[in-house]
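[1] Provided below for reference: sequence and predicted model.
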Amino acid sequence: MSARWVLRCESWTLGETHRRWSHVGTYECRRLFKGVSAVGGAALGVGYVQRLPKTEDHQMAWSQSMSTRLYTDFALPVVLQTDPETAHNLTLKCGEALQAFRSLWPSLPMEWLLSPPEGRLQGPELSQQVWGLTFESPVGIAAGFDKNALLVPLYRAGLFGLGFAEIGSVSAKPAAGNARPRCWRIPSDDVVVNAMGLNNEGSDALAQRLREMEATSSGQGQRPVGVNIAKTHDPSILGPAAVEDFVQSFRTLSPLADFVVLNVSCPNTTEGKTFEEPDALAGLLSAVAKEVRGRAKPPILVKLMATPDSEEGRRSQKELLNVIEASGIVDGLVISNTIKNPEVQLSPEGRAAADAIGKGGVSGRVIHQRSVAAIRSAYQATGGRLTIIGVGGTDSAEAAYEKIRAGASLVEVYTGLVYKGPGLFQDVQTGLRRLLERDGFNHIGQAIGIDIK
Ligand SMILES: Cc1cc2nc3c(=O)[nH]c(=O)nc-3n(C[C@H](O)[C@H](O)[C@H](O)COP(=O)(O)O)c2cc1C
């Protein structure tokens, strides 16, 4: 045997041994890793579930709060590290990606996202007919979340179990809004402060998008989508020009909307609340009435501020409601918009943060009570003739139920989604069924305005 042959044999043996051992080693390591991950994952899972609330209705509480808990425990800490407007834009981008994916692959099984099982629980009926439209769930998404109508097909399909959506505000002319930063969070009080300044792409662009979406939609889902319109954010557009600006958006968008909301209460424009003065509002409503004369019109709603819960506040709300009822064209109210920063009571820490921001409208749990009071007084003043969408600080079924008992037929959420995540839609539905059942109602309609009757 030559030396070279021996060397070759040896190197072959060594190489083969190494290959075998390294193979066995990798295989064993992989198994070990899988085992440790499985045990670790199971331990974490068990630990996590142990932390979930235990009530006598444990099964329901568990399913009710699982997605919200996952959001608040894992996603919210990341969200809070991100600039609010950037986080919001990323959320819309994710929605657009989901929408694109869904249109490319229509058979994609998305039941778990579009109609989660909790929403289909037995119990008192939540579905209602309002203005001739079917609202399978009373919980929708508020204006400002999707100003440019990017995700309409997902709303129509009932993403995360939402019942309806209000897109906008949109104005006749495109507007860049105020300079950034213009949106802040105050986590100590679960609050958002915004001074966006009605940034939007304008009513023509929005109308075109809505038409395109309608043409390409697969016809899946018919949840109502309303359009919220506002005057273009430009202080030089005043008086009759401001009315014409509003009417132009109404003309362009009303044929494409299930309902139209006239936003007369945005606190973030340089000119302030131009149309929340009785005479100005009367002028606007008479111009819209002229526009719809002799034509089929969508349901028209007016979005108001939550006037202070005082004699003076109720008197000024009553003046506006008289104008609204006298117009003969208004079918409902959205109560309320954000509340001006200095008027809101916050924790000392929250107040210090809000003072540092200075401007803007406050939204979140802290405005819930004022919104409820404004809903109650509007329901009382109109004898329930105008259907009310209650909005402002709804972040639980209890808050939604309080608004319903005060006179709201439907509720909307925005800031609650930031702090609780999209599971909120399901939480509110499940919780509402429980609360209605507890109070002996078998249909949501029986609870509307019950605290006033
Ligand atoms: C960032 C942001 C932007 C908003 N933009 C609009 C808007 O364009 N039009 C409008 O009518 N309301 C707008 N709103 C007000 C909401 O529709 C809602 O009335 C208010 O936030 C109170 O509800 P919430 O406490 O559930 O957030 C906006 C709210 C936020 C937080």
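    The structure has been received and is ready for your questions.
[2] count the residues that sit near E125.
    Residues within reach of E125, counting by other CB atoms under 10 Å, total 13. Every C-beta, even on glycine, is put in place using the N, C-alpha and C of the backbone.
[3] could you do Q345 as well?
    By the criterion of other CB under 10 Å, Q345 has 12 neighbours.
[4] wait, is it part of a strand?
    No. When the secondary structure is assigned by DSSP: H, G, I helix; E, B strand; the rest coil, Q345 falls in coil instead of a strand.
[5] quick one: secondary structure of the spatially closest residue to it that is not a sequence neighbour?
    Residue nearest to Q345 in three dimensions, not counting chain neighbours: V366, with 6.6 Å by CB to CB, 6 or more residues apart in numbering. For V366, the secondary-structure state derived from three-state DSSP is helix.
[6] quick one: the helices in the stretch 251-400 of the chain?
    Secondary structure of the stretch 251-400 of the chain (DSSP state H, counting those that start in this stretch): helices at 278-292, 311-327, 348-357, 368-382, 397-406.
[7] touching the ligand at all, the host helix or strand of A97?
    When elements are assigned from DSSP states H and E, A97 belongs to helix 84-104. No. Legend: contact between helix 84-104 and the ligand by CB under 6 Å from any ligand atom is lacking; minimum distance shown is 7.1 Å.
[8] and the ligand, which of the helices of the stretch 251-400 of the chain is closest to it?
    The minimum distance between the ligand and these falls on helix 368-382, with 7.3 Å, by CB to the nearest ligand atom.
[9] elements contacting the helix holding A97?
    Under the contact definition 3 or more CB pairs under 8 Å, 6 or more residues apart in numbering; DSSP states H and E, helix 84-104 sits against helix 152-156, strand 183-186.
[10] which one of those has the lowest average pLDDT?
    Comparing the helices and strands packed on helix 84-104 by mean pLDDT, the weakest confidence falls on helix 152-156, with a mean of 94.
[11] flag the shaky bits of the protein, pLDDT-wise.
    Judged against pLDDT under 70, the low-scoring parts of the chain cover residues 1-27, 42-43, 45-65, 107-121, 218-220, 267-273.
[12] how about the contacts made by the most centrally placed residue in it?
    Against the mean C-alpha coordinate of the chain, by CA atoms, centre = their mean, the closest residue is I141 at 3.2 Å. With contact set as CB atoms under 8 Å, 6 or more residues apart in numbering, I141 has these partners: 155, 162, 164-166, 412-414, 417.
[13] who does it bridge with?
    Partner residues in beta bridges with I141, using DSSP bridges, are A165, V413.
[14] re the thing from before, now the helices and strands packed on helix 84-104 as CSV including mean neighbour count and distance to A296?
    As requested, the helices and strands packed on helix 84-104 are exported to CSV (neighbours: other CB atoms under 10 Å; distance: least, CB to CB, whole Å):
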stretch, mean neighbour count, distance to A296
helix 152-156, 22, 21
strand 183-186, 21, 38
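[15] can you say which of these is nearest to the ligand?
    Closest of the helices and strands packed on helix 84-104 to the ligand is strand 183-186, at 5.1 Å (criterion: CB to the nearest ligand atom).
[16] show the contacting residues for whatever residue of the stretch 51-200 of the chain ends up closest to the ligand.
    Of all residues in the stretch 51-200 of the chain, the one sitting closest to the ligand is G144 (2.2 Å; CB to the nearest ligand atom). Contacts for G144 were tallied using CB under 8 Å, 6+ apart; they are 168-169, 194, 196, 414.
[17] what about it, which SS state?
    Using three-state DSSP, the structure places G144 in coil.
[18] what helix or strand is the spatially closest residue to F246 that is not a sequence neighbour on?
    For F246, the nearest residue in space outside its immediate sequence neighbours is K231; the separation is 5.3 Å by CB to CB, 6+ apart. Per DSSP H and E, K231 falls between elements, in no helix or strand.
[19] next: T134.
    Secondary structure here is read from DSSP H and E; on that basis T134 sits in strand 133-135.
[20] who are the packing partners of that strand?
    Under the contact definition 3+ CB pairs under 8 Å, 6+ apart, strand 133-135 sits against strand 128-130.
[21] in the stretch 251-400 of the chain, which residue sits nearest the ligand?
    S363 (3.2 Å).
[22] what does the stretch 301-450 of the chain put close to the ligand?
    Selection of the stretch 301-450 of the chain residues close to the ligand by CB under 6 Å from any ligand atom yields 303, 337-338, 363-364, 367, 391-394, 413-416.
[23] repeat that with 8 Å
    Residues of the stretch 301-450 of the chain found near the ligand (CB under 8 Å from any ligand atom) are 303, 334, 336-338, 361, 363-365, 367-368, 371, 391-395, 412-418.
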